[in-house]
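1. Predicted structure and sequence below. I'll ask about it afterward.
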Amino acid sequence: MKKYFNKLSAALTPVALLATVSCTDLDETIYSELSKDNFYSSKVEIMQGVLRPFTHMQAWLAPTGQSGYYYHTESAADQIAWPQKGRHGYDGGDHVRLHRHEWTPQENRLRGSWGLMWEGLGYVNALLTDLQDVDFAAAGLTEEDKESILAEVRVMRAFHYMKIMDMWGNVPIVTTVGEPINPETRTRAEVFQFVEEELLANVEKLQPLSQAMVGRVSKAAGYAMLSELYLNAEVWAGTPRYDDCILYSDKVINGTGGSLMGNMRLDATINGPFSNQNHLSPENIFQFAFSREGGFTFNWAGFFFGYSNMSRALNVTYSGWNAFVVIPTAFDAYQENDLRKKDWFLFGPQTDYDTGKPILGTEEWADEPLVYVNNIRRNSEGATGEGSMTEGEENSGARFHKYKSGTSDEEGVYWENDYVIYRLTEIYFNKAEALMRKNGGQANSEAVAIVNESRKRAFSEADWSTAAYTTATLTMDEMLAERGREFIFEGKRRADLIRFGKFTSGTWWDKDPSEATRALFPIPQVHLSLNPNLAQNPGY
């Protein structure tokens, strides 16, 4: 089923239902002679329409090289950065300003993120309008099928709004393409209420999670969205909703929303959820169903992989921009006996996969062995100290190795990785955190057991006795630290830091405390100019 949906997704082309939109220009643009009147005549065509917003969403949510949600929420946090490395990567200071919380409403990359996310909403709204006139029965679908498909699209729209609300807070609520022409800004609490109502009205109509639902919005995915929504309710809407977070976390954990592989359960290993066969991981809940064979590859290489000389290290066919690196304090946050530190990063001397010979550098370390180091400074010039965002070199910082493509000679499975949006481990952590917050920030035995069930996979049996948490050692600070270790590279860190009150007040590596208003990004100036009804966020 995964291959079916990947090939279906890859085959999509811009037809009448696709709109080039922003919050200020919601008119539909026709790109071919196809229209809603001669499309949607079969189940396949209807599902093409349903999947189109989902395939667009990967452009801003997954680390595939676009300057979207992922780029902004990770680069502004305390785990990864895109420093200048010699003559590469300054890029007008974009990444430096983002790391230091010095961004402005004129940022081109922020404008790109706004455009991508609102364009995705345009696709969803256009699709919902089109589907109103579709004869589902003539396409061989039942009334129950129709209700489920419409619910899937509405839940997808709610997910878009949840992430837009996370970044910008106070934004318009638009449900119809082109209406109104200049929508007004709504408060974050109003947007929260809209998201909550849409999810609650539709989640029970969704299909349960199964292999047939990989790459689609299942009931388990909807429950996971509600778990996230209620965990962040105090920040997003001003009122704690921890009991509701626990309620919907339990629905996921208990398998009420279905599962991929029999019972909902954690994967046996720390690498299973990210492998090139991770559509078979029992803990994955919601994911982009990428497939290299299907022509829709999860290409993390741009952001995370080194130059072409690094391809030999893993025997792969891709190379990247040598962009993101791990901030030294984030790498140091792992104990040396933590298996995640060994498995999820590229670090130290890099050698040829086939020969074992050293891979050589091409920039500061040209013709010398390439060794990734846990600092970001001009070591080739004898520098010492903490370095900065403008002092990196080609070997600065530990690197990403959480998703593993396998080698290029592995037929059928090479680079078949899906990108995971929600997995069961996150839901465990959501419930544990909600339990602790309800208990005045103190861990009880249930919270400890939940977190330990995940954490124990990261340690050998011999080391586990000293690595296991107790109600005394699982403090709120430690919960934040363990969330960081477990979910590094997964696009979660900024929201976690904000919820724990550390995002603006915190100090890390090359970032000092910033104004509290930096917990929201500014609405791009170009859109303020185009729409007089938009209101800029405070502090900008």
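-> Looks like it arrived, so ask away.

2. Next up, the contacts around residue 518.
-> Residue 518 sits next to 101, 503, 504, 539 when contact means Cβ atoms under 8 Å, 6 or more residues apart in numbering. Where you see a C-beta, it was placed from the backbone N, CA and C, and this is true even at glycine.

3. Narrow these to those in helices?
-> Residues of the contacts of residue 518 located in helices (DSSP state H): none.

4. Please read off the pLDDT at residue 417 from the model.
-> pLDDT, residue 417: 98.

5. Please read the previous query as pertaining to residue 437.
-> In this prediction residue 437 is given a pLDDT of 98.

6. Check the one 3 residues further on too.
-> Listed pLDDT for residue 440 reads 98.

7. and residue 244, what element?
-> Assigned by DSSP states H and E, residue 244 belongs to helix 242-253.

8. which helices and strands sit right next to that helix?
-> helix 219-231, helix 424-438 (3 or more Cβ pairs under 8 Å, 6 or more residues apart in numbering; DSSP states H and E).

9. List the buried residues for whichever helix or strand comes after the shortest one?
-> Next helix or strand after helix 219-231 toward the C-terminus (DSSP H and E): helix 233-237. If you call a residue buried by 16 or more other Cβ atoms under 10 Å, then helix 233-237 has these buried ones: 233, 235, 236, 237.

10. So which of these is the closest to residue 59?
-> residue 236 (23.9 Å; Cβ to Cβ).

11. Nearest residue to the closest one in space, ignoring adjacent ones along the chain?
-> For residue 236, the nearest residue in space outside its immediate sequence neighbours is residue 192; the separation is 4.9 Å by Cβ to Cβ, 6 or more residues apart in numbering.

12. what about that neighbour, which SS state?
-> The local conformation at residue 192, judged by DSSP: H, G, I helix; E, B strand; the rest coil, is helix.

13. returning to what we had before: and among the helices and strands packed on helix 242-253, the most buried is which?
-> Counting by mean count of other Cβ atoms under 10 Å, helix 219-231 has the highest mean neighbour count of the helices and strands packed on helix 242-253, with a mean of 27.

14. Give me the distance between residue 103 and residue 41.
-> 47 Å (Cβ to Cβ, to the nearest Å).

15. what about those two, which has more around it?
-> Neighbours were counted for residue 103 and for residue 41 using other Cβ atoms under 10 Å; residue 103 has more, 20 against 13.

16. tell me the pLDDT at that one?
-> Looking at residue 103, its pLDDT reads 98.

17. That one belongs to a strand?
-> No - read with three-state DSSP, residue 103 is coil and lies in no strand.

18. show me the contacts for the residue lying closest to it once chain neighbours are set aside.
-> Leaving aside its sequence neighbours, residue 103 sits nearest to residue 97 (Cβ to Cβ, 6+ apart; 5.0 Å). Neighbour list for residue 97: 103, 104, 107 [criterion: Cβ under 8 Å, 6+ apart].

19. can you tell me which residues contact the first one?
-> This means residue 103. By Cβ under 8 Å, 6+ apart, the contact list for residue 103 reads 97, 110, 521, 522.

20. Out of those, which is nearest to residue 154?
-> For those, the minimum distance to residue 154 (Cβ to Cβ) is 25.7 Å, reached by residue 521.

21. residues touching that closest one, list them.
-> 72, 103, 110, 167, 168, 537.

22. Generate a markdown table for these, with secondary structure as supplementary columns.
-> Below are the contacts of residue 521 laid out as a markdown table (three-state DSSP):
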| residue | secondary structure |
| --- | --- |
| 72 | helix |
| 103 | coil |
| 110 | helix |
| 167 | helix |
| 168 | helix |
| 537 | coil |
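
23. Out of those, who's the most crowded?
-> Counting neighbours by other Cβ under 10 Å, residue 110 leads the contacts of residue 521 with 25 neighbours.

24. ok, residues contacting the helix holding residue 244?
-> So helix 242-253 is in contact with 220, 223-224, 226-227, 230-231, 233, 256-257, 264, 285, 424, 427-428, 430-431, 434-435, 437-438, going by Cβ under 8 Å, 6+ apart.

25. Take the contacts of residue 521 and lay them out in TSV including distance to residue 174.
-> Below are those laid out as TSV (distance: Cβ to Cβ, whole Å):
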residue	distance to residue 174
72	21
103	25
110	20
167	16
168	14
537	18
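
26. re the thing from before, just the pLDDT at the residue nearest to residue 236, thanks.
-> Looking at residue 192, its pLDDT stands at 98.

27. Can you report how many residues lie near it?
-> Neighbour count of residue 192, defined by other Cβ under 10 Å: 24.

28. just to revisit the earlier point, out of the buried residues of helix 233-237, who's nearest residue 477?
-> Nearest to residue 477 among these: residue 235, at 18.0 Å, using Cβ to Cβ.

29. check contacts around the closest one.
-> 498, 499.

30. okay, now the spatially closest residue to residue 439 that is not a sequence neighbour: neighbour count?
-> With sequence-adjacent residues excluded and distances taken as Cβ to Cβ, 6+ apart, residue 439 is closest to residue 447, at 7.8 Å. Residue 447 has 25 neighbours, counted by other Cβ under 10 Å.

31. what's the answer for residue 334, then?
-> The burial count for residue 334: 20, using other Cβ under 10 Å.

32. quick one: contacts for the residue nearest to it when sequence neighbours are not counted?
-> Nearest in space to residue 334, with sequence neighbours left out and distances taken as Cβ to Cβ, 6+ apart, is residue 341 at 3.8 Å. The contact partners of residue 341, taken as Cβ under 8 Å, 6+ apart, are 331, 334, 335.

33. I'd assumed residue 460 was in contact with the last one.
-> No - with contact defined as Cβ atoms under 8 Å, residue 335 does not count as touching residue 460 (11.6 Å).

34. more crowded one of those two?
-> Neighbours were counted for residue 335 and for residue 460 using other Cβ under 10 Å; residue 335 has more, 15 against 10.

35. give the contact list for that one.
-> Counting by Cβ under 8 Å, 6+ apart, residue 335 makes contact with 341, 467.

36. Over to it: give its phi and psi.
-> Here the main-chain torsion angles of residue 335 (degrees, to the nearest 10) amount to phi -70, psi 150.

37. next one: residue 291
-> phi -160, psi 120.

38. The residue nearest to residue 334: which element?
-> Here residue 341 is assigned to helix 339-343, by DSSP H and E.

39. and whatever helix or strand comes next after that helix, how far from the chain's centre?
-> Sequence order places strand 345-346 as the next helix or strand after helix 339-343, per DSSP H and E. Centroid separation for strand 345-346 versus its chain: 19 Å, with Cα atoms, centre = their mean, to the nearest Å.

40. and the angle for the helix or strand hosting residue 198 with helix 242-253?
-> Per DSSP H and E: residue 198 is located in helix 188-202. Counting by axes from the mean of the first three to the mean of the last three Cα atoms, to 10 degrees, helix 188-202 lies at 40 degrees to helix 242-253.

41. Around residue 39, how many other residues sit close by?
-> 18.

42. State the pLDDT value of it.
-> On the pLDDT scale, residue 39 is placed at 84.

43. Is it in a helix, a strand, or coil?
-> Quick answer, by three-state DSSP: residue 39 is coil.

44. Spatially, what comes nearest to it if we skip its sequence neighbours?
-> Distance criterion Cβ to Cβ, 6+ apart; nearest residue to residue 39, sequence neighbours excluded, is residue 45 at 5.6 Å.

45. my read is that neighbour is in a helix, agree?
-> Yes - under three-state DSSP, residue 45 falls within a helix.

46. now it: how far from residue 212?
-> With Cβ to Cβ as the criterion, residue 45 and residue 212 are 18 Å apart.

47. now residue 408
-> According to Cβ to Cβ, residue 408 and residue 212 sit 30 Å apart.

48. One more: residue 351?
-> Residue 351 is 42 Å from residue 212, by Cβ to Cβ.

49. From what I see, the residue nearest to residue 236 and residue 237 are in contact.
-> Yes - shown here, residue 192 and residue 237 form a contact pair, counting by Cβ under 8 Å, at 4.0 Å.

50. What helix or strand is the nearest residue to residue 72 once chain neighbours are set aside located in?
-> Closest residue to residue 72 apart from its sequence neighbours, by Cβ to Cβ, 6+ apart: residue 113 at 5.7 Å. Using DSSP H and E, residue 113 falls within helix 108-131.
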